[in-house]
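*Asks:* whatever this is, show me its structure:
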Amino acid sequence: MSKKQIIKLICLNLALALVNVVLFSRGLVGLTFDGNALVTAFAITEIVMSVLIFGYGNYKILFEELEVKLLKGSDLTETKDYIEALDERHGKKVFDPLIDAAIDQVFRLNDKDKALDSILMQYFTPTEMTFIKFQGVIDSVQSLFYNNIKKMINRIIIFDDKDYVRTVEKMSKIRDLPTLNDPMSPSSQAGKQLQIYNEHIRYVKNLIDDNESILVKMDSLLLEISKLDDLSSQGLENMDAIREINELIEQTKFYKQN
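*Replies:* Purely as a prediction, here's the structure:
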């Protein structure tokens with residue numbers, strides 16, 4: 001059950017309880033079953049409606065299939081949007097540790113970006129060409145980082161964790177069976193399905209690794225800049241960390257980013 005489902009269940013049932021407390025409290029509305037016919041009718045109607053809403057509402061929240069909606073770039077505009085989108089994916093146990101790692105990476109990137117801005121402002125004004133060039137590089141690498149986060153979230157969204165668990169259990173049960181040469185045998189089909197799911201998991205892990213590489217390069221850039229007392233435009237372009245970041249951007253710019 002996702003965190004969003006839990007919140008919806010709590011809100012629905014608390015609201016129902018609160019309404020009934022207000023309606024049946026003698027100091028408030030004071031509905032009863034031993035008053036006149038009209039009051040009794042209202043009380044019975046309220047109980048019936050509460051039961052219906054409780055049953056239908058809880059069923060919809062618990063068992064209604066969630067719409068598979070992939071995220072677009074326009075859905076995520078700020079750092080908090082990425083963190084919230086990642087946090088909402090908690091509940092698919094196979095990805096929970098990776099989601100926690102990705103959230104931590106977003107916070108770390110944000111901290112490094114603030115540190116870089118602070119250090120750079122000690123050397124240049126925002127209108128100087130060197131500052132503009134530097135900021136362009138940082139913006140590009142951040143765009144790459146957050147695009148990796150978006151792709152990670154979308155891959156997690158389409159991952160059927162329940163079927164993954166069933167497939168793993170199925171494979172564990174048939175491992176001890178004699179080898180079946182029939183390509184349509186249960187073991188063969190389950191094995192292929194498991195390979196697909198493992199590919200999803202590897203894809204997300206690789207994106208985590210890619211973003212970790214970006215963070216390491218940002219650390220190198222911070223270190224180099226903190227040692228410089230005189231940074232020219234030419235010096236900026238020749239910095240090892242800048243070259244590595246530019247190479248990283250060049251390696252990925254030919255890949256579809258959405």
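
*Asks:* where are the low-confidence patches of the stretch 151-258 of the chain?
*Replies:* Within the stretch 151-258 of the chain, the stretches with pLDDT under 70 are 174-187, 227-242, 245-246, 248-258.

*Asks:* can you give me the helices in it?
*Replies:* Secondary structure of the stretch 151-258 of the chain (DSSP state H, counting those that start in this stretch): helices at 161-174, 186-226, 233-238, 240-252.

*Asks:* check which helices and strands the second one is in contact with.
*Replies:* What it means is helix 186-226. When contacts are defined as 3 or more C-beta pairs under 8 Å, 6 or more residues apart in numbering; DSSP states H and E, helix 186-226 sits against helix 96-121, helix 129-158, helix 161-174, helix 240-252. In this view, the C-beta of every residue, glycine as well, is placed from N, C-alpha and C.

*Asks:* can you lay out the ones you listed as CSV showing mean neighbour count and distance to T77?
*Replies:* Formatted as CSV, those follow (neighbours: other C-beta atoms under 10 Å; distance: least, C-beta to C-beta, whole Å):
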stretch, mean neighbour count, distance to T77
helix 96-121, 16, 14
helix 129-158, 18, 10
helix 161-174, 14, 28
helix 240-252, 14, 21
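
*Asks:* mind putting these into TSV with distance to N13?
*Replies:* Output for these, formatted as TSV (distance: least, C-beta to C-beta, whole Å):
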stretch	distance to N13
helix 96-121	26
helix 129-158	27
helix 161-174	25
helix 240-252	48
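
*Asks:* which residues touch the residue most central in space within the chain?
*Replies:* Central residue of the chain (C-alpha atoms, centre = their mean): L86, 1.6 Å from the mean position. The contact partners of L86, by C-beta atoms under 8 Å, 6 or more residues apart in numbering, come to 99, 102-103, 106, 149, 152-153.

*Asks:* for it, give its distance to L28.
*Replies:* 43 Å (C-beta to C-beta, to the nearest Å).

*Asks:* then G57?
*Replies:* To L28, G57 is 23 Å away according to C-beta to C-beta.

*Asks:* T167 now?
*Replies:* 54 Å.

*Asks:* next one: N198
*Replies:* 58 Å.

*Asks:* which one of these two has more residues nearby?
*Replies:* Set N198 next to L28 and count neighbours by other C-beta atoms under 10 Å: N198 wins out with 13 against 10.
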